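In: fold the stuff below for me.
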Amino acid sequence: MQVFDFNRFSKHDIIGELRVDLSSVDWNHVIEEWQDLSDPLKCEPEDLGEICISLRYVPAGGRLTVVVLEARNLKSMDLGGSSDPYVKVQLALDKRKWKKKKTSIKKKTLNPYFNESFSFDVPFDHIQRVHLVVSVWDHDAVSRNDAMGKIFLGSDASGHQLMHWADMLANPRRPVGQWHMLLTAEQVNSTLVLKKKLALPKMISRQR
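Out: This next block holds a predicted model:
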């Protein structure tokens, strides 16, 4: 368990951590106790960079607007020490793939600026069943595009992703922006298991 100092516009700073050996826990009793935080171990997960997105939901119109603002400190994927990043924005309903959009490709940069907006029609009675998956990819003209990092937001998310989603719902009609640390695709996919695509109510997505 790790405790962080939250920073909306920069990297979150770790304060300390607590590690519990579960093999030594007596599962027949509830344990409540205070323990001192220790310095975090140096085996931190790979730094994949950060992405800044803005969310805005208008309940009356049932419209969710996602603005992909920028990313920074992305992982180098090319031999020259750079990448050609673009971002996919995918909406899932009841964990079933639904709508997907993507940004333009930014050539030879690890700190791309996008400022591209995508709007989706999401009725108010569906908003708690929706998940937003944002992934960064490296474009390759010759071979398959490579995944660089991923996050997902929604009512089943956790940490800063859940906080951002909750801030959006608590402030209808107002854009709420936040930076997020990118995770590996494996980390996100193990938590958010998307089901096969089925026919869903027809709802128009708009890009502007």
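In: contacts, neighbours, all on C-alpha from now
Out: Fine.
In: tell me the confidence at the nearest residue to residue 63 once chain neighbours are set aside?
Out: Take residue 63 and drop its neighbours on the chain: the residue closest to it by CA to CA, 6 or more residues apart in numbering is residue 121, 4.6 Å away. With respect to pLDDT, residue 121 scores 94.
In: buried set for stretch 57-74?
Out: Residues of stretch 57-74 classed as buried by neighbour count (16 or more other CA atoms under 10 Å): 57-59, 63-72, 74.
In: can you tell me the element residue 150 falls in?
Out: Counting by DSSP states H and E, the element that carries residue 150 is strand 146-154.
In: next SSE after that strand?
Out: helix 159-170.
In: mind listing what's buried in that following helix?
Out: By 16+ other CA under 10 Å, the buried positions in helix 159-170 come out as 160-165, 167-169.
In: just stretch 115-134 next, same as before
Out: 116-124, 127, 130-134.
In: what about the helices in the protein?
Out: According to DSSP state H, the chain carries its helices in the segments 159-170, 185-191.
In: about what we covered before: strands - which of the buried residues of stretch 57-74 land there?
Out: Of those, the ones assigned to strands by DSSP state E are 57-58, 63-72.
In: quick check, central residue of this protein?
Out: residue 151 (2.4 Å; CA atoms, centre = their mean).
In: mind checking how far residue 187 is from residue 30?
Out: 29 Å (CA to CA, to the nearest Å).
In: which of those two has more residues huddled nearby?
Out: Higher neighbour count among residue 187 and residue 30: residue 187, with 12 against 8, using other CA atoms under 10 Å.
In: circling back: farthest pair within the buried residues of stretch 57-74?
Out: Farthest pair in the buried residues of stretch 57-74 (CA to CA) is 59 and 74. Separation: 34.2 Å.
In: quick one: which of the buried residues of helix 159-170 is nearest residue 141?
Out: For those, the nearest to residue 141 is residue 161 (32.0 Å; CA to CA).
In: got a list of what that closest one touches?
Out: 151-154, 180 (CA atoms under 8 Å, 6 or more residues apart in numbering).
In: would you mind measuring from it to residue 62?
Out: 21 Å.
In: next: residue 150.
Out: For residue 150 relative to residue 62 (CA to CA), the value is 26 Å.
In: cool, and residue 35?
Out: Using CA to CA, residue 35 is found at 46 Å from residue 62.
In: how about residue 191?
Out: Applying CA to CA to residue 191 and residue 62 gives a distance of 27 Å.
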